[in-house]
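In: Sequence first, then the predicted structure, then my questions.
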Amino acid sequence: KNQVEQSPQSLIILEGKNCTLQCNYTVSPFSNLRWYKQDTGRGPVSLTIMTFSENTKSNGRYTATLDADTKQSSLHITASQLSDSASYICVVVGSTLGRLYFGRGTQLTVWP
Amino acid sequence: DVKVTQSSRYLVKRTGEKVFLECVQDMDHENMFWYRQDPGLGLRLIYFSYDVKMKEKGDIPEGYSVSREKKERFSLILESASTNQTSMYLCATLTSGSSSSYNEQFFGPGTRLTVL
């Protein structure tokens, strides 16, 4: 069964600290993996997209890694800011029909 | 910039009412999607459409129908709203091209529907 599991479910960190969010998936065949940020009450916005041949991709303070062999991805946030408080969703795109599989998200709260 | 708009940010309806949720995109994308998002469950696909007048069921189509009469507009219809359809509804579009690897999915702002 194609699944995407994220951990932790929620996370609280202090402003300025770093954190890492995890995503494990069983989707096969695999096309690409995306991380989205969703602010409360808004639609998700794409942060990074990686194919199976890419190990790491950065977008400002966000760095995503992908290990296609172990089917694991992580999103590392450096020097967190209050505006990073949001839900972070891992999405895996299957090769078959381009179907998207969503994780349930990690709710990140950054405290001053 | 891709723009995906939804007709309402907040909507309150009564049980049994017929509800229309409208989604409009301005980037000529072929593929459009309707999801619902509930706490602890993440996004779940209701219906999608890959062309005008074409539609496909997603994972949870029961209680919903869709309409795609024009390329830029994808409507979600709740024929007879029920309380368990209280949720956040998100519309999305997907670019398509010769390579599927970097197709980008863009989301609308969402409609929070409450059914009383």
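Out: That came through fine.
In: When you work out contacts or count neighbours from here on, use the C-alpha atoms and nothing else.
Out: Will do.
In: So for residue 95, what's the pLDDT?
Out: Using chain A here. For A:Ser95, the pLDDT comes out at 74.
In: actually chain B
Out: According to the prediction, B:Thr95 has pLDDT 75.
In: is it true that it touches B:Met32?
Out: No: B:Thr95 is not in contact with B:Met32 according to CA atoms under 8 Å; the separation is 9.2 Å.
In: quick one: strands adjacent to the helix or strand of chain A with the lowest mean pLDDT?
Out: Every helix and strand in chain A was compared by mean pLDDT, DSSP states H and E; the lowest is strand A:100-102, with a mean of 88. As defined by DSSP bridges, the strand partners of strand A:100-102 come to strand A:86-94 (antiparallel).
In: Which of the helices or strands spans residue 20?
Out: Unless you meant another one, I'm taking chain A. Here A:Thr20, judged by DSSP states H and E, is contained in strand A:19-25.
In: The chain in question should be chain B.
Out: Using DSSP H and E, B:Phe20 falls in strand B:19-25.
In: Counting by contacts, list what that strand packs against.
Out: The elements that strand B:19-25 packs onto, with contact taken as 3 or more CA pairs under 8 Å, 6 or more residues apart in numbering or on different chains; DSSP states H and E, are strand B:4-6, strand B:73-78.
In: Following the shortest one in sequence, what is the next regular element?
Out: Just to be clear, that refers to strand B:4-6. Downstream of strand B:4-6, the next assigned helix or strand under DSSP H and E is strand B:10-13.
In: in the least confident helix or strand of chain A, what counts as buried?
Out: By neighbour count with 16 or more other CA atoms under 10 Å in any protein chain shown, strand A:100-102 contains the buried residues A:Leu100, A:Tyr101, A:Phe102.
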